[in-house]
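Asks: curious how this folds, go ahead:
(12 chains)
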12 protein chains.
Amino acid sequence: MNDAVYKIIELTGTSAISSDDAVRNALARAAKTVRQMRWFEVVETRGAIEEGKIAQWQVTVRIGFRLEE
Amino acid sequence: MNDAVYKIIELTGTSAISSDDAVRNALARAAKTVRQMRWFEVVETRGAIEEGKIAQWQVTVRIGFRLEE
Amino acid sequence: MNDAVYKIIELTGTSAISSDDAVRNALARAAKTVRQMRWFEVVETRGAIEEGKIAQWQVTVRIGFRLEE
Amino acid sequence: MNDAVYKIIELTGTSAISSDDAVRNALARAAKTVRQMRWFEVVETRGAIEEGKIAQWQVTVRIGFRLEE
Amino acid sequence: MNDAVYKIIELTGTSAISSDDAVRNALARAAKTVRQMRWFEVVETRGAIEEGKIAQWQVTVRIGFRLEE
Amino acid sequence: MNDAVYKIIELTGTSAISSDDAVRNALARAAKTVRQMRWFEVVETRGAIEEGKIAQWQVTVRIGFRLEE
Amino acid sequence: MNDAVYKIIELTGTSAISSDDAVRNALARAAKTVRQMRWFEVVETRGAIEEGKIAQWQVTVRIGFRLEE
Amino acid sequence: MNDAVYKIIELTGTSAISSDDAVRNALARAAKTVRQMRWFEVVETRGAIEEGKIAQWQVTVRIGFRLEE
Amino acid sequence: MNDAVYKIIELTGTSAISSDDAVRNALARAAKTVRQMRWFEVVETRGAIEEGKIAQWQVTVRIGFRLEE
Amino acid sequence: MNDAVYKIIELTGTSAISSDDAVRNALARAAKTVRQMRWFEVVETRGAIEEGKIAQWQVTVRIGFRLEE
Amino acid sequence: MNDAVYKIIELTGTSAISSDDAVRNALARAAKTVRQMRWFEVVETRGAIEEGKIAQWQVTVRIGFRLEE
Amino acid sequence: MNDAVYKIIELTGTSAISSDDAVRNALARAAKTVRQMRWFEVVETRGAIEEGKIAQWQVTVRIGFRLEE
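Replies: So this is what the prediction gives:
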């Protein structure tokens, strides 16, 4: 079996700053334990509201990484 | 009935600046009449184009707020 | 037939900077060959990862423009 | 906050005549209490059957209207 | 078991006249063999084109009818 | 306009007991301010976890009620 | 052709008691005329409301059964 | 390669008269530049509202036509 | 009523060989009792695994056939 | 990176008793190896049928838990 | 604008042989007029039935190709 | 807790040969580290194109396996 196989995991990143930043935080955390990450897809954008304002962006991403043989 | 119940409303915020800003504008408007907002979900991201450029981001959000008993 | 008819095309814009910027890049490219663009919808937000970081945002948009009679 | 914000409500209009007429009836009812309606989207088309024939078209529409500031 | 149970069947009705008429034709055909039909839902609207014009509307409906005990 | 028109609202009911009970709680709360409710649809079933157990069922329902003319 | 083939039918069971009971009622009715049922999937959970309370759970299930050769 | 290949394009037709008419207008416009159209599918039905009434039906259709070899 | 009406049934075919073969098996079984089948759509591709290998492809198809008048 | 990141895993719990119980069983098993679980979402409700009755509820849940930094 | 932009087109390939072959036929036809194709996604698998057998696989693919600057 | 619980993982298998082969490659890789795999579902079929031809099928599968107690 010479063809690459990828695993997809799903993380929810959070950020007080922006939706893009929540994605970056999810990837930064994943990079601590996963190698060879190749792509991501945003599957949900939500957030928490406090006192009428966005307290936290919560963005769920699917991340694909190559499995070692 | 002691368990909290939440209502979900749907607003489309607009902004000339960014998609995140359109979400913030929707929440700011909702905060004028709704209390105890807790979460939001982005359900659609669209926009208007003028002279080949984005004239307006239009982002639809669902907003959940706690109903008073 | 006096009623306007619109065509919808689908482009994937890319950007190293942000998801919104990828949308702007898609529209800027479309504007080179298409006239009378009126609206867009974001249908997919993905990206490429290199060395644990976002190397490229890839955002797919549907763009509606008016057909000339 | 100068950018327009829209609220979306959902109604099911009914009609013994046609699916389009059920939409018109939903809008006519909404117009009694809502101002500045701008767009609608059809999200479901159902109906009741009596004696093997359509007794009532039931069409659910989402209606967007501009909120006053 | 005293509670009613309904069966759902799916038909595609066709018509040269209109989308609503295709629904009516599907129900008329079902009424020949099925009794106690109660509701329908439109799940797909397609059609055949000949010489640049609609030759046939093809509308798929789900029809619910009560099963006899 | 003699044909009935219905409005659909969306509530999230909660319960420590069961998913069905969360639906009942949502309806009980709605019944305090809304009359002529006719049907509901469950659109999402979620929950909160505390110490490895379900602390709260959170069930989102769409509720249809008849608008008075 | 030695490989098993299954047919899928769709029923809506009802119950005044619970959503699970509506599923059981649908299966009990199906068992009167269908043999070799193997699996089911819940595809929709709705209900009727009377006087502000759930009068009837209406749960639609897809049921798979093996066809005899 | 002897097997037929079809291209699918997406248009939004508009009409002040009816949803079916908006489909017809989209096809009529397509027929000016595309040959060998074979089928269409309705994918979205929306509209613009003015003074509480439908000002314009906006129906998006996917149109399949045979590519010449 | 001169316009054709079609019924859609749903079968799951199985095969140890390939996903396409599972479709063929479903159609072969349907052909024993249904006449005038015209089209199919693949709606789900699953399978059973034994000892780390595909033991059985399970492909669900919707099959449309013309009803006799 | 101070913002919390959550991982989502997907389990199918089973139960002979009820759909809610299948969810509880999935969470109970997850709690053996996962800490800081916060929420779940039901994504599929299926079951096995034996002798015309529900032999096993099979409910698939997505479970979110906080990743330690 | 230095970032690549891709256009997505949608084709339905056909084949009497297999579903994979229908994809290959769609790409072969596209290659006659489009350059720099990079990826495809299968979005629908259907087919025509004649005399109880598959007469033609019809597979719809979305194809992404890089636009020249 | 005597009822079986299953975990679902998601892999993307690749193959230069066929879509079915990409599924087999994903399962073969999973079998190196996961025991008691029971079922899979195909959730996405994509591919890479080089010089106008399919260079690689990329098929994403969800795989369910039984967790040991």
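
Asks: so where do the strands sit in chain A?
Replies: For chain A, the strands defined by DSSP state E cover A:5-15, A:37-50, A:53-66.

Asks: tell me the most buried of the ones you listed?
Replies: strand A:5-15 (a mean of 22; mean count of other CB atoms under 10 Å in any protein chain shown). To be clear about C-beta, it is placed using only N, CA and C from the backbone, and glycine gets the same treatment.

Asks: about what we covered before: including mean pLDDT, could the strands of chain A go into TSV?
Replies: As requested, those are exported to TSV (pLDDT from 0 to 100):
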stretch	mean pLDDT
strand A:5-15	98
strand A:37-50	98
strand A:53-66	98
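
Asks: let me know which of the ones you listed is the nearest to residue E:50.
Replies: strand A:37-50 (40.6 Å; CB to CB).

Asks: same for that closest one, what does it pack against?
Replies: With contacts defined as 3 or more CB pairs under 8 Å, 6 or more residues apart in numbering or on different chains; DSSP states H and E, the packing partners of strand A:37-50 are strand A:5-15, helix A:19-30, strand A:53-66, strand B:37-50, strand C:37-50.

Asks: quick one: closest of the strands of chain A to residue G:25.
Replies: Nearest to residue G:25, of those and by CB to CB, is strand A:37-50 at 34.8 Å.

Asks: how distant is that closest one from the center of its chain?
Replies: Distance of strand A:37-50 from its chain centroid, counting by CA atoms, centre = their mean, to the nearest Å, is 6 Å.

Asks: could you do stretch A:25-34 as well?
Replies: Relative to its parent chain, stretch A:25-34 has a centroid offset of 8 Å by CA atoms, centre = their mean.

Asks: ok, stretch A:58-69 next?
Replies: Its chain's C-alpha centre and that of stretch A:58-69 lie 8 Å apart, by CA atoms, centre = their mean.

Asks: can I get that stretch in PDB, CA atoms only?
Replies: Once non-C-alpha atoms are left out, stretch A:58-69 reads as follows in PDB (Å, rounded to 0.1, in the frame of the first residue of the first chain):
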ATOM      1  CA  GLN A  58     -16.100  29.400  18.500                       C
ATOM      2  CA  VAL A  59     -15.100  27.900  15.100                       C
ATOM      3  CA  THR A  60     -15.200  24.200  14.400                       C
ATOM      4  CA  VAL A  61     -12.700  23.000  11.800                       C
ATOM      5  CA  ARG A  62     -11.900  19.600  10.300                       C
ATOM      6  CA  ILE A  63      -8.200  19.100  10.000                       C
ATOM      7  CA  GLY A  64      -6.600  16.500   7.600                       C
ATOM      8  CA  PHE A  65      -3.200  15.100   8.300                       C
ATOM      9  CA  ARG A  66      -1.100  12.400   6.600                       C
ATOM     10  CA  LEU A  67      -0.800   9.100   8.500                       C
ATOM     11  CA  GLU A  68       2.700   7.700   8.500                       C
ATOM     12  CA  GLU A  69       2.900   4.200   7.000                       C
END
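
Asks: give me phi/psi at whatever residue of chain A ends up closest to chain B?
Replies: Residue of chain A nearest chain B, by CB to the nearest CB: residue A:52 (3.2 Å). Dihedral pair for residue A:52: phi 80, psi 10, per degrees, to the nearest 10.

Asks: that one and residue B:36 touch, don't they?
Replies: No - taking contacts as CB atoms under 8 Å, residue A:52 lies outside contact range of residue B:36: 9.6 Å.

Asks: these two touch, right, residue A:43 and residue A:10?
Replies: Yes - counting by CB under 8 Å, residue A:43 does reach residue A:10; the two are 7.4 Å apart.

Asks: joint contacts of the two?
Replies: A:60-62 (CB atoms under 8 Å, 6 or more residues apart in numbering or on different chains).

Asks: now do the contacts for the closest residue to residue A:25 other than its chain neighbours.
Replies: Excluding the flanking residues, the one nearest residue A:25 by CB to CB, 6 or more residues apart in numbering or on different chains is residue A:13, at 4.1 Å. Going by CB under 8 Å, 6+ apart, residue A:13 touches A:22-27, A:29, A:58-59, A:61, J:3, J:5.

Asks: before we move on, the earlier item: what's the neighbour count on the nearest residue to the residue of chain A closest to chain B once chain neighbours are set aside?
Replies: Leaving aside its sequence neighbours, residue A:52 sits nearest to residue B:31 (CB to CB, 6+ apart; 3.2 Å). Residues near residue B:31, counting by other CB atoms under 10 Å in any protein chain shown, number 16.

Asks: I figured residue B:31 hits residue B:37, correct?
Replies: Yes - using CB under 8 Å, residue B:31 makes contact with residue B:37 at a distance of 6.8 Å.

Asks: okay, and the common contacts of the two?
Replies: residue A:52.

Asks: bridged to the closest residue to residue A:26 other than its chain neighbours, which residues?
Replies: Using CB to CB, 6+ apart and skipping the chain neighbours, the partner closest in space to residue A:26 is residue A:13 (2.8 Å). With DSSP bridges applied, the residues forming beta bridges to residue A:13 are residue A:59, residue J:5.

Asks: quick one: residue A:13 and residue A:57, what's the gap?
Replies: Separation of residue A:13 from residue A:57 (CB to CB, to the nearest Å) stands at 8 Å.

Asks: mind listing the shared neighbours of those two?
Replies: residue A:22.

Asks: now the closest residue to residue A:57 other than its chain neighbours: how far from residue K:55?
Replies: Spatial nearest neighbour of residue A:57, excluding adjacent residues (CB to CB, 6+ apart): residue A:22 at 4.4 Å. Separation of residue A:22 from residue K:55 (CB to CB): 50 Å.

Asks: partners of the residue nearest to residue A:55 when sequence neighbours are not counted in the sheet?
Replies: Spatially, and ignoring its direct neighbours in sequence, residue A:55 is nearest to residue A:48 (4.7 Å; CB to CB, 6+ apart). Taking DSSP bridges as the rule, residue A:48 bridges to residue A:56, residue B:39.

Asks: which residues touch residue A:48?
Replies: A:54-56, A:58, B:38-39.

Asks: same question, residue A:29
Replies: Per CB under 8 Å, 6+ apart, neighbours of residue A:29: A:11, A:13, J:1, J:5, J:67, J:69.

Asks: re the thing from before, how close does the residue nearest to residue A:26 get to residue A:27?
Replies: 7 Å.

Asks: who touches both of the two?
Replies: Overlap of the contact sets of residue A:13 and residue A:27 (by CB under 8 Å, 6+ apart) consists of residue A:61.

Asks: measure whichever residue of chain A sits closest to chain E to chain I for me?
Replies: Across chain A, the shortest distance to chain E (CB to the nearest CB) belongs to residue A:43, at 25.1 Å. To chain I, residue A:43 is 20 Å away according to CB to the nearest CB, to the nearest Å.

Asks: for residue A:40, same thing?
Replies: Residue A:40 is 25 Å from chain I, by CB to the nearest CB.

Asks: wait, that residue sits on residue A:65?
Replies: No - using CB under 8 Å, residue A:40 is not in contact with residue A:65, being 9.9 Å away.

Asks: dump the residue contacts of residue A:3.
Replies: Contact analysis of residue A:3 by CB under 8 Å, 6+ apart lists L:13-16, L:22, L:25, L:56.

Asks: if you could redo that for residue A:23, that was the one I meant.
Replies: A:13, A:40, A:42, A:59, A:61, C:47, C:54.
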